[in-house]
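[1] Could you work out the structure for the sequence below:
(one chain, ligands or ions: 1)
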Amino acid sequence: MEKNKKETLRSDRYRKYFCLPYLMGPNSVRLLDEMLDMCPLNFTTDNCVLDLGCGSGLTSLYLAMETGAKIYAADLWISEEDNRKRIEEWGVRDKIIPVHSGADDLPFDAGFFDAVVSMDAYHYFGGKENYFTEKILPFIKHGGTALICVPGIKAKYEGRREAYLGPWLGEETGLFKSTDEWKKLIGVHREIAEVKTWELFGFYTPWQEWFDTLHEYALRDKQFFDTVIRPFTCFVGIIVRKR
Ligand SMILES: C[S@@+](CC[C@H](N)C(=O)[O-])C[C@H]1O[C@@H](n2cnc3c(N)ncnc32)[C@H](O)[C@@H]1O
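    A predicted model of the protein is given here:
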């Protein structure tokens, strides 16, 4: 456990879900806790939040319970039916709407969301110039926010990505970017008031809880923890505020 007094809070109440099939990587609920500390979202059911790349929907559950908003849980690899089943089991059918969709073609009206949240998913599709301003920004209301968290490379190792991360990530090495690289990629736009990127404090606990699942990918990641993941990587937080 990290020595972060804040970690005794909200996310601990969701411990029973920190297992398979809900976790799909380092525990995003822990990371989301920190993102919401940095940028609180206090909403009502009149507000809509998109959980983009929601996976099995665990972060959507957390967002629904902790922000009070109606959550649209959109994912590409996980079917709408699978997520609907889980949402019903959790008893939150009125709070979360599952959607099967790729991030490139979101089936929503412009300005529909008060916030777009994306945990451990955006690096798969969002690492291209103008992607944010063209594909995501239009769906956020004026005055709204995007909260994005991705695994990345620590700023000081940016130029050594292939050498340091290659043995672990192979073809996916390029997906891991630094805080500065993400800031540049989000870009400048007349409707963007502010972009903030930083390296999250949370690291060991999200990883340990992923390893504890004993998923075959977790076991492989664990083999690289001391040599690659711990020394060279971090989680990058991105907050974008729309005018
Ligand atoms: C590592 S999982 C993380 C899931 C969840 N956000 C979490 O943190 O537990 C990455 C997710 O990104 C989603 N994803 C990848 N490419 C996507 C795309 N183009 N559009 C929407 N979702 C995508 C996958 O479907 C997958 O569920």
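[2] Please name the nearest non-neighbouring residue to residue 177.
    residue 152 (5.3 Å; CB to CB, 6 or more residues apart in numbering). Any C-beta I mention is one placed from the backbone N, CA and C, and that applies to glycine too.
[3] Give me the mean pLDDT for the one helix or strand the one you found maps to.
    Using DSSP states H and E, residue 152 maps to strand 140-153. Averaging pLDDT along strand 140-153 gives 98.
[4] Can you name the next helix or strand after it?
    Following strand 140-153 in sequence order, the next helix or strand is helix 161-169 (DSSP H and E).
[5] Give me the angle between that following helix and strand 140-153.
    90 degrees (axes from the mean of the first three to the mean of the last three CA atoms, to 10 degrees).
[6] What residues of helix 161-169 count as buried?
    Buried residues in helix 161-169, defined by neighbour count with 16 or more other CB atoms under 10 Å: 161, 164-165, 168-169.
[7] How about the closest residue to the ligand within the chain, nearest residue that isn't a chain neighbour?
    Across the chain, the shortest distance to the ligand (CB to the nearest ligand atom) belongs to residue 55, at 2.5 Å. Distances taken as CB to CB, 6+ apart place residue 24 nearest to residue 55, at 4.5 Å, with adjacent residues excluded.
[8] beta partners for the closest residue in space to residue 194 that isn't next to it in sequence?
    Excluding its sequence neighbours, the residue lying closest to residue 194 (CB to CB, 6+ apart) is residue 241, at 4.5 Å. Counting by DSSP bridges, residue 241 forms beta bridges with residue 145, residue 194.
[9] Read off the pLDDT value for residue 241.
    pLDDT recorded at residue 241 is 98.
[10] Pass me the low-pLDDT residue ranges in the protein, would you?
    The model of the chain has pLDDT under 70 over residues 1-8.
[11] quick one, helices of it?
    Secondary structure of the chain (DSSP state H): helices at 28-38, 58-67, 80-89, 122-125, 131, 161-169, 179-186, 204-211, 216-223, 230-232.
[12] what does the chain put close to the ligand?
    Applying CB under 6 Å from any ligand atom, we find that the chain lies next to the ligand at 24-25, 28, 53-55, 58-59, 75-78, 102-103, 119-121, 124-125.
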